[in-house]
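> Sequence and predicted structure, then a few things I'm wondering about:
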Amino acid sequence: MLVKAQVRYVRISPTKVRQVLDLIKGKDVLEAEALLLNLNKRPKECLLKLLKSAIANAKQKGFKPEQLYIQRAICNKGPMWKRYKAAAFGRANPILRRTSHIRIELELKNI
């Protein structure tokens with residue numbers, strides 16, 4: 001782990017985020033950024049912002065984006081917002097609004 005960036009409490013289900021993370025794992029940073037720009041899934045906005053943050057962190061440490069690849073990209077469950085919806089005969093059905101904690105770690109390419 002050379003450079004890392006994380007975002008917490010994202011209001012998207014972790015399973016949906018993991019679908020997109022699996023596409024960019026192990027790819028070059030610039031290739032992953034291009035892939036996210038052309039993707040048509042909801043988590044792409046927060047993942048693109050997170051990837052740009054990791055790239056900015058790498059630039060602060062003196063690395064160029066061409067030298068880096070995504071070594072690890074993980075998404076863990078965050079707390080769930082618990083809500084209730086009215087149902088028939090005076091009952092209530094639970095609604096679980098899931099949140100995610102996302103972390104991206106960049107590493108130098110072995111050339």
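On my side now, so go ahead.
> which other residues reach stretch 44-63?
With contact meaning CB atoms under 8 Å, 6 or more residues apart in numbering, stretch 44-63 is reached by 2-7, 10, 12, 17, 20-21, 24, 29, 32-33, 36-37, 64-65, 68, 70, 102, 104-106, 108. For every residue, glycine as well, the C-beta is placed using N, CA and C.
> switch the cut-off to 7 Å
3-5, 7, 10, 12, 20, 29, 32-33, 36-37, 65, 68, 102, 104, 106 (CB atoms under 7 Å, 6 or more residues apart in numbering).
> Strands - which of those land there?
Judged by DSSP state E, strands contain the following of these: 3-5, 7, 10, 68, 102, 104, 106.
> where in this protein is pLDDT low?
111 (pLDDT under 70).
> Write the ChimeraX selection for whichever of the ones in strands among the contacts of stretch 44-63 are buried.
Filtering the ones in strands among the contacts of stretch 44-63 down to the buried ones (16 or more other CB atoms under 10 Å) takes a single ChimeraX command:
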select :3,5,10,68,102,104,106
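> If anything else comes up later, I'll come back, but that's it for now.
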